[in-house]
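Student: the sequence and its predicted three-dimensional model are supplied below.
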Amino acid sequence: KMIYSVASLLSLASLLPTALAYKIGTGIYDITGPSVQINFMGYAVPAQRGTGIHQRLRSRAYVIGDDENMVAFVSADIGMGSDLLKMKVVEALNQKLGEGIFTADNVAISGTHTHSGPAGFLQYTIYQITSWGFVPETFDAFVNGITESIVMAYKNAKPGKLFVSEGDLYESNINRSPTSYLLNPEEERAQYPEGDTDKKMLLLKMVAEDGSNLGMLNWFAVHGTSMNNTNTLISGDNKGYASYLFENDLNGDALPGMGPFVGAFASTNLGDVSPNTAGPKCIDTGLPCDGATSSCNGRCQNCIAFGPGEDMFQSTEIIGRNQYDFAKTLYAQATEEITGKVDYRLSYLDMPTVEVTLADGSKTNLCKAALGYSFAAGTTDGPGMMNFTQGTTTGNPFWDKVRDFLSTPTEEEIACQEPKPILFNTGDMLKPYAWEPSTLPIQLYRIGNL
């Protein structure tokens with residue numbers, strides 16, 4: 001769905017009795033793509049290949065604008081956005097709508113971070129290894145679907161209002177590395193009385209001038225890993241299921257993905273936040289895992305998080321329904337109106353050149369990208385393989401030789417990453433092309449006072 005915000009300039013707001021209406025519309029499109037013999041993005045398990053569909057994947061688009069500016073925000077049931085994906089979407093929008101309406105600056109593509117969507121749509125080597133390369137069929141399905149959802153939103157725009165609401169949702173996420181969190185300074189942890197995960201859900205309600213419901217967009221921190229790495233069905237995971245429930249509720253008899261109301265459950269600061277609220281245990285003994293290494297007798301493969309359901313399908317439904325139920329409550333309570341102008345910024349940062357100030361006052365630069373030994377251990381949502389464990393601070397002569405065959409880190413790079421031992425020196429690996437990006441986009445939207 002699209003939303004346009006037309007409101008008084010902030011500098012003139014005090015002189016006007018009321019804010020002008022936003023212009024609001026919505027767009028949703030199927031981006032499922034190929035359903036058989038695709039590899040999934042997220043768990044990095046080459047053997048995890050698709051055999052069918054659990055939930056169809058959707059692109060949900062919102063366009064928000066005032067008299068001066070317009071932005072498009074897309075929440076898509078995919079692992080994440082990518083530079084190349086955005087570039088091609090903008091090119092397609094220019095062909096369909098005309099040059100300059102949408103650019104890289106005012107289009108944001110956000111993945112719900114489901115780990116059960118197709119891989120092979122990112123242009124860097126490290127993300128293509130477990131999908132056996134770039135997959136044009138998946139990439140084209142994503143580009144076409146995301147483009148069409150934005151076009152629908154843009155063409156359906158109508159005057160309306162935006163309302164915001166927020167609250168804390170419990171029993172729907174846990175920290176999958178709680179011992180690591182405790183290494184943060186006590187004064188920092190004291191700022192977050194909710195515990196070691198963010199419980200906040202922020203919700204936008206979109207209403208037309210005639211009072212009809214147009215759309216809903218919310219953000220809540222939880223990983224799309226209710227469906228585990230044994231799953232072979234394409235799925236939107238818990239957030240995809242939450243969207244299905246909300247849209248079904250507001251669209252009445254319309255078929256899924258075909259109604260005028262669009263409700264997105266977008267991703268936010270979900271880094272180490274798991275939906276598997278029953279927590280990890282050793283699958284060989286049933287005992288708790290070692291907290292510091294997330295392993296059982298030194299093996300990460302045996303430490304797996306579960307729940308809250310009896311299987312991954314039920315867990316997906318429970319965590320999805322929790323988000324839906326809470327969003328429905330916030331939607332009903334959303335009475336704080338958003339006012340003000342729309343604006344946006346996009347910057348590209350060459351990360352290794354970014355200067356930071358250390359605790360002792362000295363200055364240094366960030367490091368080039370590198371994956372540590374603990375990366376290969378995976379997480380309790382999706383364990384890694386072999387003899388790797390989390391929390392590793394020492395290297396291994398065998399794996400160091402394997403690393404050096406691909407790229408040998410310099411002493412400076414080793415010191416920069418310390419105490420993390422480098423397993424793959426991806427920042428210097430450029431064959432057949434760059435393994436990881438060095439320059440990253442940093443994007444910010446302002447929708448009135450939000």
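Tutor: Yes, it's here. Numbers count the residues shown, from 1 in each chain.
Student: can you give me the helices in this structure?
Tutor: Assigned by DSSP state H, the helices in the chain fall at 83-97, 136-155, 178-181, 186-189, 237-251, 312-333, 397-406, 411-417.
Student: most tightly packed of those?
Tutor: Mean neighbour count (mean count of other Cβ atoms under 10 Å) peaks for helix 237-251 among the helices of the chain, with a mean of 24. C-beta here means a position set from N, CA and C on the backbone, and glycine is covered the same way.
Student: now for that one, which elements pack on it?
Tutor: strand 58-65, strand 213-219, strand 262-266, helix 312-333 (3 or more Cβ pairs under 8 Å, 6 or more residues apart in numbering; DSSP states H and E).
Student: now the angle between helix 312-333 and it, please.
Tutor: Helix 237-251 runs at 50 degrees relative to helix 312-333, counting by axes from the mean of the first three to the mean of the last three Cα atoms, to 10 degrees.
Student: helix 237-251 - what's its average pLDDT?
Tutor: In this model, helix 237-251 carries a mean pLDDT of 98.
Student: distance from the chain centre to it, please.
Tutor: 17 Å (Cα atoms, centre = their mean, to the nearest Å).
Student: now do the contacts for the closest residue to Thr103 other than its chain neighbours.
Tutor: Leaving aside its sequence neighbours, Thr103 sits nearest to Val90 (Cβ to Cβ, 6 or more residues apart in numbering; 6.1 Å). Counting by Cβ atoms under 8 Å, 6 or more residues apart in numbering, Val90 makes contact with 102-104, 107.
Student: and the helices of the chain: which comes nearest Asn213?
Tutor: For Asn213, the closest of the helices of the chain is helix 237-251, at 5.7 Å, according to Cβ to Cβ.
Student: so the closest one versus strand 262-266, what angle?
Tutor: Using the same axes, to 10 degrees: helix 237-251 against strand 262-266 is 160 degrees.
Student: return helix 237-251 as CSV; C-alpha atoms alone will do.
Tutor: Coordinates of the C-alpha atoms in helix 237-251 are reproduced here as CSV (Å, rounded to 0.1, in the frame of the first residue of the first chain):
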residue,chain,number,x,y,z
ASP,A,237,7.8,-17.6,8.4
ASN,A,238,6.2,-15.9,11.4
LYS,A,239,6.0,-12.4,9.9
GLY,A,240,4.6,-13.7,6.7
TYR,A,241,1.9,-15.5,8.7
ALA,A,242,1.2,-12.4,10.8
SER,A,243,0.6,-10.4,7.6
TYR,A,244,-1.7,-13.1,6.2
LEU,A,245,-3.8,-13.0,9.4
PHE,A,246,-4.0,-9.2,9.5
GLU,A,247,-4.9,-8.8,5.8
ASN,A,248,-7.4,-11.6,6.0
ASP,A,249,-9.0,-9.8,8.9
LEU,A,250,-9.3,-6.4,7.1
ASN,A,251,-10.0,-7.7,3.6
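Student: by how many degrees do it and strand 58-65 diverge?
Tutor: Helix 237-251 and strand 58-65 are oriented at 70 degrees to each other (the same axes, to 10 degrees).
Student: ok so, going back, can you select the buried ones from the contacts of Val90 in PyMOL?
Tutor: For anyone working in PyMOL, the buried entries among those, judged by 16 or more other Cβ atoms under 10 Å, can be selected with:
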select buried, resi 102+107
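Student: if we can go back for a sec, could I get the helices of the chain as TSV with distance to Leu366?
Tutor: As requested, those are exported to TSV (distance: least, Cβ to Cβ, whole Å):
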stretch	distance to Leu366
helix 83-97	19
helix 136-155	30
helix 178-181	20
helix 186-189	20
helix 237-251	31
helix 312-333	34
helix 397-406	21
helix 411-417	8
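Student: which one, of those, ends up nearest to Asp196?
Tutor: helix 178-181 (4.4 Å).
Student: check which helices and strands that closest one sits against.
Tutor: Partner elements for helix 178-181 (3+ Cβ pairs under 8 Å, 6+ apart): none found.
Student: tell me how far that helix lies from the chain's centre.
Tutor: With Cα atoms, centre = their mean, you get 22 Å for helix 178-181.
Student: show residues contacting that helix.
Tutor: Applying Cβ under 8 Å, 6+ apart, the contact partners of helix 178-181 are 175, 189, 196, 272, 291-292, 391.
Student: buried among these? Need that as a selection in ChimeraX.
Tutor: This is the ChimeraX syntax for the buried subset of these, where burial follows 16+ other Cβ under 10 Å:
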select :175,196,272,291,391
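Student: looking at the contacts of helix 178-181, which are in strands?
Tutor: Asn175 (DSSP state E).
Student: pick out the most distant pair among the contacts of helix 178-181.
Tutor: Most distant of those, by Cβ to Cβ, are Arg189 and Gly391, 18.8 Å apart.
Student: for Asp249, give me its contacts.
Tutor: Residues near Asp249 by Cβ under 8 Å, 6+ apart: 324, 328.
Student: same thing with the one 5 residues further on?
Tutor: If you count contacts by Cβ under 8 Å, 6+ apart, Ala254 has them with Pro260.
Student: ok, it to Phe246 distance?
Tutor: Per Cβ to Cβ, to the nearest Å, Ala254 is found 13 Å from Phe246.
Student: low-confidence regions, this structure specifically.
Tutor: 1-21, 34-36 (pLDDT under 70).
Student: got a markdown table for the helices and strands packed on helix 237-251, with distance to Tyr348 too?
Tutor: Shown next, in a markdown table, are these (distance: least, Cβ to Cβ, whole Å):
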| stretch | distance to Tyr348 |
| --- | --- |
| strand 58-65 | 23 |
| strand 213-219 | 24 |
| strand 262-266 | 23 |
| helix 312-333 | 33 |
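Student: give me the number of residues near Lys158?
Tutor: Around Lys158 there are 18 other residues, counting by other Cβ atoms under 10 Å.
Student: bridging residues for it?
Tutor: Counting by DSSP bridges, Lys158 is bridged to Ile24.
Student: that one contacts Tyr22, correct?
Tutor: No: Lys158 lies out of contact with Tyr22 (Cβ atoms under 8 Å); the separation is 9.4 Å.
Student: and Arg345, what does it touch?
Tutor: Contacts of Arg345 by Cβ under 8 Å, 6+ apart are 105, 443-444.
Student: what about those, which one has the most neighbours?
Tutor: Most surrounded of those: other Cβ under 10 Å gives Gln443, at 19 neighbours.
Student: follow-up on the earlier one: from Ser243, how far off is the residue nearest to Thr103?
Tutor: Taking Cβ to Cβ, one finds Val90 at 25 Å from Ser243.
Student: repeat for Asp428
Tutor: Distance from Asp428 to Ser243, counting by Cβ to Cβ: 41 Å.
Student: go on, Asp66?
Tutor: 27 Å.
Student: for stretch 38-49, which positions count as buried?
Tutor: Residues 38-45, 48 are the ones in stretch 38-49 that count as buried (16+ other Cβ under 10 Å).
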